Structures are given as C-alpha cells and as structure tokens.
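Participant: Show me how the following folds:
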Amino acid sequence: MKQRRSQDGVPDERRADSQSASSAGASKSRSNLRVLLIEDNEDHVMLARRALEERGHMVTAVVGGAAAADALGKEQFDVVAADYQLPDTTGLEALRQIKQRDKTLPIVMVTGWGSERVAVEALKEGAADYVVKTPGYERELARALELAVEKARTDATETALRSQLARRARTDSLTGLLNRGEMERLLTSEIRRTSRRRRVFSFALADVDLLKAINDKHGHAVGDAVLCHIANVLRGSIRSSDSVARWGGDEFAVLLPGAGFSGASAFAHRLARLTSGFRPVSASENLPSVTVSVGIACVTDAVSDVFAVLNWADRALYDAKVGGRNKARVLVVGQAADVESESDGCSGTPGTPGERPDGNG
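Facilitator: Numbering: from 1, shown residues only. Model prediction:
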C-alpha cells in the first residue's frame, strides 16, 4: 500500500503526527494560566469563567476596579482580562493602575460594540490585545489571553538574552570583571568629566608578578586560580564609585574617580597587603607567594588623551617592575613619587620608560 505524500515529499501521516505534537506542545505551554478576570457584572463573569476553565485555566473573577486591586495585592497572576465598563472605574484606569504595579503583566481589554477608539487607547496604554464583546466573545478572549501570555514570556526570554549578551560583551569570562573595552569606555567618560569639573582621578594597572612562570611550572589551572583570587581581592579593595577590569593576560586595571595621590597610595598599600602570601589550594608546596606590582597614574590636570593616561600608568608599572616587583609606583602628572609596599621593606627605585624588565612579568 502506497504512502500518501504531499507536494514537498513528506508523508501526510507524518505531517499530521508532527502537527498534532506541535499543537499539543503549544496547548500545554498555554494551559493552567492564572487569570484575573475583571468584569462589570456576574453574568459576564460566568460566561468568561466557563470558557477559560474549559481550557484548563485557573480563574479569579472580580467585579470592579477596587476588587481587582485587592486581588492583585493577594495573588500572583499570569494575565488579566479587564472589561472597559466597570461599576466603579473604567477599564483604562484599571489598566493604568495595574501597569504601575507590574509593567510586565499582560492585560487584554474587553470592549463593547463600536469601541475601536477605546481599544486603540488601551493598546497605547500598554494592553497586549483587545477583544470586542460580541456573542461568543468568551472563546476569542481565551485565545487572546493565551497568546498574550505566550508573547510576554517570549519577550521576557529575549530581554534576558539581550541582557546576558550585553553583559558578556562587557565582562571577562574568567574573572567576571569588566573587560578592557568597557574599562576604556569608562576611562574616556571619566576624562571628560574631569575636564568639565576640574577634579582629580587615578588610573591603576596591577600586574601579577611572574604569572608566566607559574603557568609554565604549575599549569594554567593554577595560574587561573591566581587570577581569580586577585580579581576577588580587587573587588573587595575598591569603593562603590570605582571600577575594576581584567586588562588582559596578567594585568588588571582600576579606575579611581576623585582619588588623588593619598587615595591612590592607600589603594596600592591595601592591594599589596591583601594579595601577599596567597597560595592556591591546587598548587604544589614550592609555589612562591603571589605578589602584585602596581603602577598608578594620578591625573590632577585636565587631559583629553586616553592614551596619555594609559602610557603614564604603564610607565609607573614598569618602574615598579624594575624596582624589584612587589612594589607600587604612583606617577603624578609631571612628577613621580615612590610608594613603599607594606609587603616589602624597600622603597622603589625610579626606572626608565621603555620595555618591561623581562617577558615573564
């Protein structure tokens, strides 16, 4: 017996099974909705309730806007159906009040004959859809409520996805800190603010000493554990107004708005104290204590060049490395000042701008 096929070559029986499964899936996703039904009288409540409960929905029915507000304060709903003609208010006013309470709750407006103007106004106020009250409208209402919930859930998923993608575009995947691109954007904004308001700020580059050697000898898992630890220390070392980022490789960047020389120095000391002596649990006994070198550019004058700030911070970091690592240097625009790390008894020695001391950091 030949199997019947449609024009695209798919067996009709298989197509029917697929459509049936798809329909069943859609029906399942739309069932058991918690519906708040706001009507103008008990007769209309009875009609709409029967149609909704036949489709598996749980209905809380009220008459009037005041009763609706009371119900919303006591229960959670997936969707609302609101009649325009209510005994104590209008459906539009009820719509506005509900949207003030929960902007994401889908609402379907129910209007009478010739109420296109009301329907358009309801859509402008945030209604998901509207249904005209004609004979048998309750069946159309049930479908409209289901579609409104489906659309609201799809919109919520897409919004969450966009937010997640935007967050990933701004953050470092290993440490969860901001990434370099986002820090450069924040630094550019801070430079503009500083130029307008003539206030000071500091920008720091922190480099994990000898991270390449740690990776080579103990493995990248240990190196990653070191980076994540430093990231957590940095999070706990900054103010709410500050920003911290993974700058790349073994470097981190910190933006300190309003911090002058003393504030920058205090940050450097605090970071050195909190990072000193860390050893990952997974590391062998011969792993040396983790240390960090810090270079800070303290910008006291108006500056319009991001690259100049980066170069100053990089020069200060170079000087800290040349001075023996585990040190901090603060470079105030036009003059350099040594800052002794609390984890090292020696003060830094000014270095000459140029290449890093070696390729191992």
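
Participant: What separation do you get for residue 76 and residue 139?
Facilitator: Summarising the geometry, the distance separating residue 76 from residue 139, computed by C-beta to C-beta, to the nearest Å, is 26 Å. C-beta coordinates here come from the backbone N, C-alpha and C atoms, glycine included.

Participant: So between the two, which is more surrounded?
Facilitator: Per other C-beta atoms under 10 Å, whichever of residue 76 and residue 139 has more neighbours is residue 139, with 15 against 9.

Participant: ok, that one to residue 234 distance?
Facilitator: For residue 139, the distance to residue 234 under the criterion C-beta to C-beta works out to 60 Å.

Participant: quick one, helices of the chain?
Facilitator: Under the criterion DSSP state H, the chain contains helices at 12-30, 42-54, 65-74, 91-101, 116-124, 137-170, 180-197, 211-218, 220-237, 261-275, 306-322.

Participant: Distance to residue 332 and mean pLDDT for those - can I get that in a markdown table?
Facilitator: What follows is those, written out as a markdown table (distance: least, C-beta to C-beta, whole Å; pLDDT from 0 to 100):
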| stretch | distance to residue 332 | mean pLDDT |
| --- | --- | --- |
| helix 12-30 | 62 | 46 |
| helix 42-54 | 71 | 88 |
| helix 65-74 | 58 | 93 |
| helix 91-101 | 52 | 91 |
| helix 116-124 | 57 | 85 |
| helix 137-170 | 30 | 91 |
| helix 180-197 | 14 | 90 |
| helix 211-218 | 28 | 86 |
| helix 220-237 | 21 | 90 |
| helix 261-275 | 6 | 87 |
| helix 306-322 | 9 | 93 |
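
Participant: Format those helices as TSV; extra columns: distance to residue 299.
Facilitator: Rendered in TSV, the data for these read as follows (distance: least, C-beta to C-beta, whole Å):
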stretch	distance to residue 299
helix 12-30	56
helix 42-54	64
helix 65-74	52
helix 91-101	45
helix 116-124	49
helix 137-170	24
helix 180-197	7
helix 211-218	28
helix 220-237	20
helix 261-275	10
helix 306-322	6
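
Participant: who wins for proximity to residue 81 among those helices?
Facilitator: Of all the helices of the chain, it is helix 137-170 that lies closest to residue 81, at 6.0 Å by C-beta to C-beta.

Participant: Buried residues of the closest one, list them for me.
Facilitator: The neighbour-count criterion (16 or more other C-beta atoms under 10 Å) identifies 137-138, 140-142, 144-150, 152 as the buried residues of helix 137-170.

Participant: So which elements touch that helix?
Facilitator: Helices and strands touching helix 137-170, by 3 or more C-beta pairs under 8 Å, 6 or more residues apart in numbering; DSSP states H and E, are helix 12-30, helix 42-54, strand 79-83, strand 107-111, strand 129-132, helix 180-197.
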